[in-house]
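**Q** Prediction below, plus the sequence it came from.
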Amino acid sequence: MIEAQTYSKKPVKEKWSLDSVKAIIVGSFATMFEWYDYALYGYFSPIIAQLFFPSEDTYSSLMMAFSVFAIGFFIRPLGAIVFGYIGDRLGRRYALSLSVILMALPTALIGMLPTYRDAGVLAPVFLIILRLIQGLAVGGNYGGAFVYVIEHAPKSKKGLAGSCLMVGTIGGILLGSATSSIFAWALSQEALLLWGWRLPFIFGLLATIAGLYIKKRIPETPSFQKNNGAKTVLPKLPIVDIFKHYKKQVCLSILAILPDVIGIYTMFFFMTTYLTEIIGWHAEVALTMNTINLGIMVLLIPYFGYLADRIGGLKIMKAVSISFVLFSVPCFILLSQNTGGILAVFAQTVFAVSLGAYYGAMPATIVTTFPSKIRYSASALSFNVAAAIFGGTTPWICTFLIKHTAILISPAYYLVLTGLVSFCALIKLQK
């Protein structure tokens, strides 16, 4: 049983080493900047739809923009394989550093792209290319970064360590939401369309600083050093070894990750577009609500990481899966009211709490499922296949469901299904 292997009810008190603390702090900041870069596209999707995919039909423009959003996800498993090889064979820190730098550059270039009016069909083509590069980079970071931080942490604090990195991940999404909200409040719609949307993307270059610092100043993880020092026989191609011996663990991990990828992309990426373009809220109100609830989630994640070290991550994850089944429909009913109000804010807060719990418990639970010799590759593959198949397609699926069913709360049923599938996978993963 994973839970018995990974956690104990009375964990031994262990001290944090200086290297562990540095790894968590720098790794969290690097991940924050990387996810800030990646999140911007989701928050500026309504503007990107107008500028790069103009159409008389709002739904068609949005679905084209969300298709490009999904394309960036489809290449993430390839990034997991490439960076997984680097991480398992050459070192965790090299893989993480390279992925952060590779993320920052195309993000800045997106902010410099000509629009459809200026370059015609070349504008969306260039946008697709840059999104593919972004996806490749995130494929090397998401999952792999968890390995880097968790392997640095004391045995009894791996849940807390993984949750701290998740704070960086959601912190980056929060930073993207806050930036979008500030620009929406500060600029007119005309200024935002003309030049304002570009600046947040260009600011993404700051992530290169964190990437270079990891490469030069942060040591390699103890697990990787132990494998190399003991001359452990490492697989020439970790991905081949995974498909031979760890298919079941990877498949169950992918399904267990669904509340992460579907939940966050429904409730915090698609939600701003849903409320503004479909329900009719003002953009600044929707973005501000989004930012507040992301902040609540960030505050809760470390607590649930701490709790996971004491009661077991799987228990927390199963409870969250059940909450998806019970609360998705009522919350969407509240959010679909065009008057908004405190109840709508509370409805999103319910998911902020649930996802905060899931993010606190999930990283260490999934990462420690795999042995260290293929851990970077297997973890990155699990997280990124889940994101590619289910996460990146979520905004498109939600838009499709609403358009073709004419039911405004239809995305809620997708969340209910997510909770059921993940609960069954977690039961199997525990055995």
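**A** Here it is on my side, so go on.
**Q** Any regions of the stretch 201-350 of the chain where pLDDT drops low?
**A** Scanning the stretch 201-350 of the chain for pLDDT under 70 picks out 227-235, 338-340.
**Q** what about the helices in it?
**A** 207-217, 222-229, 238-245, 247-256, 258-264, 271-273, 283-311, 313-335, 342-367 (DSSP state H, counting those that start in this stretch).
**Q** would you turn those into CSV with distance to residue 101?
**A** No exception for glycine: its C-beta is placed from N, CA and C like everyone else's. Converted to CSV, the helices of the stretch 201-350 of the chain look like this (distance: least, Cβ to Cβ, whole Å):
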stretch, distance to residue 101
helix 207-217, 4
helix 222-229, 20
helix 238-245, 22
helix 247-256, 27
helix 258-264, 24
helix 271-273, 29
helix 283-311, 25
helix 313-335, 31
helix 342-367, 23
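**Q** Tell me which of these lies nearest to residue 192.
**A** helix 283-311 (8.9 Å; Cβ to Cβ).
**Q** List the buried residues of that closest one.
**A** Buried positions in helix 283-311, judged by neighbour count with 16 or more other Cβ atoms under 10 Å: 283-295, 297-298, 300-302, 304-305, 307-309.
**Q** one step back: out of the helices of the stretch 201-350 of the chain, which is closest to residue 155?
**A** Nearest of those to residue 155, taken as Cβ to Cβ: helix 283-311 at 9.6 Å.
**Q** Which elements pack onto that closest one?
**A** Judged by 3 or more Cβ pairs under 8 Å, 6 or more residues apart in numbering; DSSP states H and E, the packing partners of helix 283-311 are helix 158-186, helix 271-273, helix 313-335, helix 342-367.
**Q** now that helix, how far from the centre of its chain.
**A** In terms of Cα atoms, centre = their mean, to the nearest Å, the centre of helix 283-311 is set 13 Å apart from its chain centre.
**Q** With stretch 331-340 instead?
**A** Mean C-alpha position of stretch 331-340 versus that of the full chain (Cα atoms, centre = their mean) differs by 25 Å.
**Q** contacts for it?
**A** For stretch 331-340, contacts defined as Cβ atoms under 8 Å, 6 or more residues apart in numbering pick out 271, 274-275, 279-281, 285, 343-344, 346-348, 350-351, 408-409, 411-412.
**Q** Extract the C-alpha trace of that stretch and format it as CSV.
**A** Extracted C-alpha coordinates of stretch 331-340, given in CSV (Å, rounded to 0.1, in the frame of the first residue of the first chain):
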residue,chain,number,x,y,z
CYS,A,331,-21.8,25.5,-7.4
PHE,A,332,-22.3,25.9,-11.2
ILE,A,333,-25.9,26.8,-10.6
LEU,A,334,-24.8,29.7,-8.4
LEU,A,335,-22.1,30.8,-10.9
SER,A,336,-24.5,30.8,-13.9
GLN,A,337,-26.5,33.6,-12.4
ASN,A,338,-25.7,36.8,-14.3
THR,A,339,-26.2,38.9,-11.2
GLY,A,340,-23.1,37.4,-9.6
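**Q** Give me the buried positions along it.
**A** 331-332, 334-336, 340.
**Q** re the thing from before, out of the helices and strands packed on helix 283-311, the one nearest residue 202 is which?
**A** helix 158-186 (11.5 Å).
**Q** so what does the closest one touch, helix or strand wise?
**A** Where contact means 3+ Cβ pairs under 8 Å, 6+ apart, helix 158-186 is packed against helix 18-43, helix 144-152, helix 198-202, helix 283-311, helix 342-367.
**Q** what angle separates the helix or strand following the first one from helix 158-186?
**A** What that stands for is helix 18-43. Next helix or strand after helix 18-43 toward the C-terminus (DSSP states H and E): helix 45-52. For helix 45-52 against helix 158-186, the angle by axes from the mean of the first three to the mean of the last three Cα atoms, to 10 degrees is 60 degrees.
**Q** And the contacts of helix 45-52?
**A** 41, 58, 61-62, 64-66, 68-69, 115-117, 123-124, 127, 192-193, 197, 273, 276-277, 283, 395.
**Q** likewise stretch 92-100?
**A** So stretch 92-100 is contacted by 27, 30, 33-34, 79, 83-84, 86-87, 137-141, 144-145, 147-148, 151, 207-208, 210-212, 214-215, 218-221, 224, 376 (Cβ under 8 Å, 6+ apart).
**Q** What subset of these is buried?
**A** 27, 30, 33-34, 79, 83-84, 86-87, 137-141, 144-145, 147-148, 151, 207-208, 210-211, 214-215, 218, 220-221, 224, 376.
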